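A.B. asks: 3D, please:
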Amino acid sequence: MSRVICAGHVNWDVTLRVDSLPDPDGEATVKSRVGAGGGSAANVASGLTGLDVPAALLGSVGNDSHGRGAVAELASKGVDCRYVMNVDTGPTTVKYIVVDAAGDVFVLGSPGVNESFRADDLPKSALAEADHLHLTSQSPETAALLASRASNSGTTVSFDPGRRIGDRGYADAIRNVDFVFLNDREAATALDEAAGNGDISDALNETTLVLKHGPKGAEVRDGDDQYAHPGYPVDAVDTTGAGDAFASGFIAARLDGATYERALAVANACGALTAAEPGARTQLSWRRLDDLLEAT
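C.D. replies: Here you go, the predicted structure:
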């Protein structure tokens, strides 16, 4: 039995490291090009297994070399991939991630099949037996149905909707989750009722928010209660996947019975380790976290 089921995107990432992010009509020099598995749900599942939390993945890939490579990489890390759908209707989604010398990132996505899976692709028995469901960016209808089923079965739910929270209609899903992860930009977008996000804003006010402030740490807002951790000073190399690593640490700590303060410390340490290294998937482990955690 997997303690956590992660549902969402499974991608193939092509990371281009450049000397600088170009202005419009500008040009940059590519220093390196690396291909590897990616996608927020896949990244979180990988991080959880590194932290000794059995994790399964619900997602979809194409019947191609990128899809096979992404699944094989995850399986080698111990992720249960039995619920990753292999579909013939299109290619595995590829994301082109451009990273400059300061670790800043922008992402170019190609069409693919990373949202071809549906809630019915996950047996209800598997969801009922899990301790936790973690949702990432996906079809709003699928997210809402998975969240509702988990809530009805007594399984706790977290959701990291990602950068498209303002235009994907996730309010129904959010109403059935226990906490939502947002970075500063996503929170500003989601809570802006003037921009037409009233439904999402109302839903967020009914749940626990885990706000990621990057190098300034993170906080939890649970009703009138607030908890904060200042984070860890690191020289950022690549912030890709740092938010996913943060989620892995937070979920693992909470499943272990940690307070919000402790969970934030663990989550920030995971995010810091990932930002300090190239690529979206730093190999997380409790041994690697010890030095940073001892500073709190």
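
A.B. asks: Give the buried residues for the host helix or strand of E141.
C.D. replies: Per DSSP states H and E, E141 falls inside helix 140-152. Neighbour counts over helix 140-152 (16 or more other CB atoms under 10 Å) mark 140, 142-151 as buried. Every C-beta, even on glycine, is put in place using the N, C-alpha and C of the backbone.

A.B. asks: average pLDDT for it?
C.D. replies: Mean pLDDT, helix 140-152: 96.

A.B. asks: Just want the angle from the next helix or strand after it to helix 140-152.
C.D. replies: Next along the chain after helix 140-152, taking DSSP H and E as the criterion, comes strand 156-160. With axes from the mean of the first three to the mean of the last three CA atoms, to 10 degrees defining the directions, strand 156-160 sits at 150 degrees from helix 140-152.

A.B. asks: Show me what strand 156-160 packs onto, helices and strands only.
C.D. replies: strand 132-136, helix 140-152, strand 179-183, helix 242-255 (3 or more CB pairs under 8 Å, 6 or more residues apart in numbering; DSSP states H and E).

A.B. asks: ok, 10 Å please
C.D. replies: Under the contact definition 3 or more CB pairs under 10 Å, 6 or more residues apart in numbering; DSSP states H and E, strand 156-160 sits against strand 4-7, helix 40-50, strand 132-136, helix 140-152, helix 171-174, strand 179-183, strand 208-212, helix 242-255.

A.B. asks: Need the pLDDT of the closest residue in space to T208 that isn't next to it in sequence.
C.D. replies: Counting by CB to CB, 6 or more residues apart in numbering, F179 is the residue found nearest to T208 once chain neighbours are left out, at 3.9 Å. The confidence metric pLDDT takes the value 96 at F179.

A.B. asks: which ones are touching F179?
C.D. replies: 156-160, 207-210, 220-222, 250-251, 254, 260 (CB atoms under 10 Å, 6 or more residues apart in numbering).

A.B. asks: Return the member of those nearest to R168.
C.D. replies: For R168, the nearest member of the contacts of F179 is F159. The distance, counting by CB to CB, is 11.6 Å.

A.B. asks: dump the residue contacts of the closest one.
C.D. replies: 7-8, 133-138, 143, 146-147, 165, 170, 173-174, 176-182, 207, 247 are the contacts of F159 under CB under 10 Å, 6+ apart.

A.B. asks: Next one: it relative to A150, how far apart?
C.D. replies: 11 Å (CB to CB, to the nearest Å).

A.B. asks: Let me see the confidence value for T240.
C.D. replies: For T240, the predicted pLDDT is 84.

A.B. asks: cool, A295 as well?
C.D. replies: Turning to A295, the model gives it a pLDDT of 66.

A.B. asks: With T189 instead?
C.D. replies: On pLDDT, T189 comes in at 87.
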